[in-house]
Structures are given as C-alpha cells and as structure tokens.
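>>> Provide a 3D model corresponding to the input given below.
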Amino acid sequence: MGTKASVVIEAGSSEGATLELDKNGDGDVDALIVSDGDELSPVEIIALLREKITALNTDDGTKNALLNRVDQLESFITKSSNKTDKRATSSAKLVEKKEEQEKITGDDVNEILWLIEQIESAL
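Predicted structure coming up:
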C-alpha cells in the first residue's frame, strides 16, 4: 500500500484544515499537517506533492518522470512565469497517463491531482 492522505475540516470551526498522512498505508496516521488558517503557498504544496510522489508504490522510472515534472512546475512558479498553468496541466496529464498505464492507483492519482489543483488555485 502507498501513502494515504485525508483532509479534515471541522464544520463551524475557525481553525484551518488538517492533513493526515499515512505514509506506509497501515491505517495509522504518521504525520499531521495542521493549517493555521492561512492557505498553503504553492511552494508548500509542491513540497507535499513531492513527498506524495516519492512515497508512491511504483517503479523508479514513473517516480522520476513525475518528480521531473514537479521540478519544472516549481521552477516556473518561483520565476512567476505565465506558463505555470500550462505546466500544471501538463503535470496532470502525465499523472492521468501513468494511471492509464496502471503505474499509479486511483487513490494516489486523486490525491496528486488534488494537490496540482491546489497549486493552480493558489497562483
């Protein structure tokens, strides 16, 4: 099993969301990322995305292809390029392609795509 992440948002709470990470898929939460109510920056989301991809239960070639795409996206974000949206879309398409090739499972795909969406919306 790969890493699983869940977001907990308490209704009526003034606190931000909590991201629970189960790094080895054993059902126990291994790490908590608690929001202070502020939104995560694109660079912080990139770090979460990189951690998620690194923990995938797949071959090194797939991980490296995805991590290279994340590196390109991060480079464009830090340079404030207008090509960032294209890079995020391109990254999402690569993830979907790896799903079609059965290199990544559905839950992992959904979590990675959600993180990419968060990057796009934070820009």
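>>> okay, CA-based contacts and neighbour counts for the rest of this
Noted.
>>> How about the contacts made by the most centrally placed residue in the chain?
When CA atoms, centre = their mean is applied to the chain, the residue found nearest the centroid is residue 49 (3.1 Å). With contact set as CA atoms under 8 Å, 6 or more residues apart in numbering, residue 49 has these partners: 70, 112, 115, 116.
>>> which residues does the first one contact?
Spelled out, it's residue 70. 46, 49, 50, 91.
>>> For those residues, give me a markdown table that also has secondary structure, pLDDT and distance to residue 66.
Output for the contacts of residue 70, formatted as a markdown table (DSSP: H, G, I helix; E, B strand; the rest coil; pLDDT from 0 to 100; distance: CA to CA, whole Å):
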| residue | secondary structure | pLDDT | distance to residue 66 |
| --- | --- | --- | --- |
| 46 | helix | 86 | 12 |
| 49 | helix | 88 | 10 |
| 50 | helix | 88 | 9 |
| 91 | helix | 85 | 7 |
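>>> for the longest helix seen in the chain, which positions count as buried?
Longest helix of the chain, by residue count under DSSP state H: helix 60-78. Within helix 60-78, the residues scored as buried using 16 or more other CA atoms under 10 Å are 62, 63, 66, 67, 69, 70, 73, 74, 76, 77.
>>> Return the member of those nearest to residue 55.
residue 63 (8.9 Å; CA to CA).
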